[in-house]
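Visitor: Sequence and computational prediction follow.
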Amino acid sequence: MSALVCGCADNKDDTVKMITEATFPPYEFLRGQEIVGIDVEICRAVAQKLGKNFQCETVDFDSVIPAVISGKAHLAAAGITVTEDRKKNVDFSDPYVKTGIVVVYKKGNPFKDTAQLKGKKIGVQGGTTSETFVTDELKQEPERTKSPAEAVAALKAGRVEFVIADIDPAKNCVKGEDTLAISDFITSEEYAIAIKKGQPELLKTINETIAEVKADGRLEKWVADFTAEADKLKDK
Ligand code: GLN
């Protein structure tokens, strides 16, 4: 899945390009061919504040941050957790969500604590903080997938025993699945927008935009609306 484009524009200089990974409801997901979600609206608001057109493209999660480092895109927003490692390569905006990762499990095989995960087959989306939880905390190799939904499909099929994923896509995945459940948070994380280092003006505009959409209720509305829409898509 690549080069899916939303918004419009041809003149490069007049366009703010967002790079994302659209398998992460409600932050970014596909409505038909269109990439929609909370992150898309935040980035669209940044473009509006800059008086520019807006364009959005989806790639695999591990290609999102490299796309702003190489200059292929201006804004990386994909439910990206701020981490010390990533801070070495990109600048982060102020955070716009407090969140974390959870364990998805079969009710017949209840999750109790993280010690229980040792030595088990665990599905994660590649390149994510769920992956680093498995490699760094559990000191083992996870089963990597392209999306939280794919990891949960592996759990249902019995190819993995547990899945670790961010809470919101995890909730979306287990919706309507009577045999699955999710744990409490096993980490505490924050999402922010990532940009190529050394752009204080752009960072300031992004932070102002985040403050505005928080203060005027737009962010809250996007969270409610896109959560409902993603849940509905799941029902189909
Ligand atoms: N928040 C997680 C991370 O940054 C997962 C993000 C995602 O899969 N889109 O690694």
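Guide: Arrived safely, thanks for sending. Here the structure is a predicted model, which means the values were calculated and not measured. Residues are numbered from 1 along each chain as shown.

Visitor: distance of the residue nearest to the spatial centre of the chain from Glu21?
Guide: Central residue of the chain (Cα atoms, centre = their mean): Gly79, 2.8 Å from the mean position. According to Cβ to Cβ, to the nearest Å, Gly79 stands 8 Å off from Glu21. No exception for glycine: its C-beta is placed from N, CA and C like everyone else's.

Visitor: Need the residues touching each of these two.
Guide: Shared contacts of Gly79 and Glu21 (Cβ atoms under 8 Å, 6 or more residues apart in numbering): Glu28.

Visitor: wait, the residue nearest to the centre of the chain sits on Asp168?
Guide: Yes: if you go by Cβ atoms under 8 Å, Gly79 and Asp168 touch, sitting 7.5 Å apart.

Visitor: Which neighbours do these two have in common?
Guide: Common neighbours of Gly79 and Asp168 (Cβ under 8 Å, 6+ apart) are 24, 27, 99.

Visitor: Distance of the second one relative to Arg218?
Guide: Translated: Tyr27. From Tyr27 across to Arg218, the span is 15 Å (Cβ to Cβ).

Visitor: Leaving out the residues flanking it, which one is nearest to Ile19?
Guide: Once flanking residues are discounted, Ile19 sits nearest to Ala73: 3.6 Å by Cβ to Cβ, 6 or more residues apart in numbering.

Visitor: and this protein, which of its residues are near the ligand?
Guide: Contacts of the chain with the ligand, taken as Cβ under 6 Å from any ligand atom, map to 21, 24, 61, 78-81, 125, 128-129, 166.

Visitor: Which members of these are positioned in helices?
Guide: Taking DSSP state H as the definition of helices, the residues of the chain next to the ligand contribute Thr129.

Visitor: Tell me which residues of the longest helix along the chain come out buried.
Guide: Scanning the chain for the longest helix, with DSSP H as the assignment, gives helix 218-235. Within helix 218-235, the residues that count as buried by 16 or more other Cβ atoms under 10 Å are 218-219, 222-223, 226-227, 229-230, 234.

Visitor: Please tabulate those in TSV, including the columns pLDDT.
Guide: Listed next are these as TSV, based on pLDDT from 0 to 100:
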residue	pLDDT
Arg218	98
Leu219	98
Trp222	98
Val223	98
Phe226	98
Thr227	97
Glu229	97
Ala230	96
Lys234	81
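
Visitor: Identify the farthest-apart pair in the residues you listed.
Guide: Pairwise distances across the buried residues of helix 218-235 peak at 24.1 Å for Arg218 and Lys234 (criterion: Cβ to Cβ).

Visitor: What ranges in the protein fall below the confidence cut-off?
Guide: Along the chain, the model assigns pLDDT under 70 to residues 1-12, 236.
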